[in-house]
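Engineer: model this:
(2 chains)
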2 protein chains.
Amino acid sequence: MNHKVVIPNAFTLANLLLGILSLVYTMDGNFRLAAVMILLSMVLDGMDGKVARKLDVASPFGKELDSLSDLVSFGVAPAILVYAAQMYEPYGIVGLIIALIFALCGAVRLARFNILNISTHFLGIPITVAGPLMAIFTLVSDHLPTLFFPVSMLLLAGFMISNIKIPKI
Amino acid sequence: MNHKVVIPNAFTLANLLLGILSLVYTMDGNFRLAAVMILLSMVLDGMDGKVARKLDVASPFGKELDSLSDLVSFGVAPAILVYAAQMYEPYGIVGLIIALIFALCGAVRLARFNILNISTHFLGIPITVAGPLMAIFTLVSDHLPTLFFPVSMLLLAGFMISNIKIPKI
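Structural biologist: Numbering: from 1, shown residues only, chains lettered A, B, ... in the order given. Model prediction:
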């Protein structure tokens, strides 16, 4: 086994770790730090694939681990954060349902994209974009109307499972 | 497309949904309900694969979705639950690190098992056993010493990434 394979996977596990820490910060009511964890995850997530290709150690294991981490950091963590910080009040159960839809659509997108094996473009908005966007919205929530959160969350959920082609940068 | 394929995937998404609800209940301090959600997830998780094979619609998409749901319901949700309910007091940051190790080992196990494609036995304790066990321990925590939680969580984490062969029932 090439021991260099450990390096990108360490980035991926750090991505998952930050996603779980985001959940812990949300639980503590520290919403700004919870959002920052999601954004830091995004930075790490952009690095693991690049590092793996650079070291020539891209692996199916790494790809699986990446998807698993992405669902937590960019699906579940933002859903729980936005529900707790922006939608629990005033939307209650409706806010929870919208947050659940967001996370579930994220999972469907990850599972679908993983088996399609398309490398030229994205199909639907990637969860790695949708999740961090919701985190950024939370950071600037003072400047946004309350209704912005359920609407943007539902739109992003729909775009994630849509067939829109998005070029890879 | 065979429309029957939707049925097992609906079970899998319900599994994920219960995992996220477990996180929400933990956040609300309702630890018993959070544990029950994990156990209900386990019931659904046992059904999706069986239904898929019975209907002859087992798919790579379903398998991916199953792994993603399993990490949330049996890795992240039990980690956060046990941290909040049993380890935040008295272990603080050490308790958090142990919970993180449990979730990370769960992710490694899922990614590894997915690419190995072994169908005759499990390699290491499945996350679908480790997570529900921690939920059961939480439900009977009044009868357990405090030290039981960090010790059992670390042991299960280690067993998940171990090479112990476990026969499929």
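
Engineer: from now on I want contacts and neighbour counts done on CA atoms only, so please keep to that.
Structural biologist: Noted.

Engineer: and the residue positioned nearest the centre of chain A, what pLDDT?
Structural biologist: In chain A, the centroid-proximal residue (Cα atoms, centre = their mean) is A:F74; its distance is 1.4 Å. pLDDT, A:F74: 98.

Engineer: is it in contact with A:L39, as I believe?
Structural biologist: No: using Cα atoms under 8 Å, A:F74 is not in contact with A:L39; the gap is 9.1 Å.

Engineer: between these two, what contacts are shared?
Structural biologist: Common neighbours of A:F74 and A:L39 (criterion: Cα atoms under 8 Å, 6 or more residues apart in numbering or on different chains): A:P132.

Engineer: any idea how many residues pack against the nearest residue to the residue nearest to the centre of chain A once chain neighbours are set aside?
Structural biologist: Distances taken as Cα to Cα, 6 or more residues apart in numbering or on different chains put A:G131 closest to A:F74, at 4.2 Å, once the chain neighbours are dropped. As a burial measure, A:G131 scores 30 neighbours (other Cα atoms under 10 Å in any protein chain shown).

Engineer: verify the stated contact: A:G131 with A:V82.
Structural biologist: No: between A:G131 and A:V82 there is no contact under Cα under 8 Å: 10.2 Å.

Engineer: now for the residue nearest to A:F74: which residues touch it?
Structural biologist: A:38, A:73-75, A:78.

Engineer: any of the residues you listed buried? List them.
Structural biologist: Neighbour-count burial (16 or more other Cα atoms under 10 Å in any protein chain shown) applied to the contacts of A:G131 gives A:38, A:73-75, A:78.

Engineer: now those as a markdown table including secondary structure and distance to A:A103?
Structural biologist: Formatted as a markdown table, those follow (DSSP: H, G, I helix; E, B strand; the rest coil; distance: Cα to Cα, whole Å):
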| residue | secondary structure | distance to A:A103 |
| --- | --- | --- |
| A:I38 | helix | 14 |
| A:S73 | helix | 10 |
| A:F74 | helix | 8 |
| A:G75 | helix | 5 |
| A:P78 | helix | 8 |
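
Engineer: got the residues of chain A near chain B?
Structural biologist: In this structure, chain A approaches chain B at residues A:13, A:16-17, A:20, A:24, A:27, A:60-62, A:64-65, A:67-69, A:71-72, A:76, A:80, A:100, A:104, A:107-108, A:110-112, A:114-115, judged by Cα under 8 Å from any Cα of the partner chain.

Engineer: which of the residues you listed fall in helices?
Structural biologist: Using DSSP state H, the members of the residues of chain A next to chain B that fall in helices are A:13, A:16-17, A:20, A:24, A:27, A:60-62, A:64-65, A:67-69, A:80, A:100, A:104, A:107-108, A:110-112, A:114-115.

Engineer: quick check, A:I166 in a strand?
Structural biologist: Yes: using DSSP: H, G, I helix; E, B strand; the rest coil, the secondary structure at A:I166 is a strand.

Engineer: near it, how many other residues are there?
Structural biologist: For A:I166, the count of nearby residues is 13 (other Cα under 10 Å).

Engineer: is it true that it touches A:V129?
Structural biologist: No: counting by Cα under 8 Å, A:I166 sits too far from A:V129 to count as a contact (11.5 Å).

Engineer: is A:F122 part of a helix or strand, or is it coil?
Structural biologist: Going by three-state DSSP: A:F122 is strand.

Engineer: wait, doesn't it sit right on A:I166?
Structural biologist: Yes: judged on Cα under 8 Å, A:F122 makes contact with A:I166 at a distance of 4.9 Å.

Engineer: give me the below-cutoff pLDDT ranges for chain A.
Structural biologist: Along chain A, the model assigns pLDDT under 70 to residues A:1-2, A:117-119, A:169.

Engineer: how far away is A:T128 from B:F149?
Structural biologist: Using Cα to Cα, to the nearest Å, we find A:T128 at a distance of 34 Å from B:F149.

Engineer: try A:L154
Structural biologist: Distance, A:L154 to B:F149, using Cα to Cα: 38 Å.

Engineer: which residues are contacting whichever strand or helix holds A:F11?
Structural biologist: A:F11 belongs to helix A:6-27 when assigned by DSSP states H and E. By Cα under 8 Å, 6+ apart, the residues outside helix A:6-27 that reach it are A:31, A:33-38, A:40-42, A:44-45, A:47-49, A:51-52, A:62, A:65-66, A:68-70, A:72-74, A:77, A:80-81, A:84-85, B:27, B:76, B:80, B:100, B:104.
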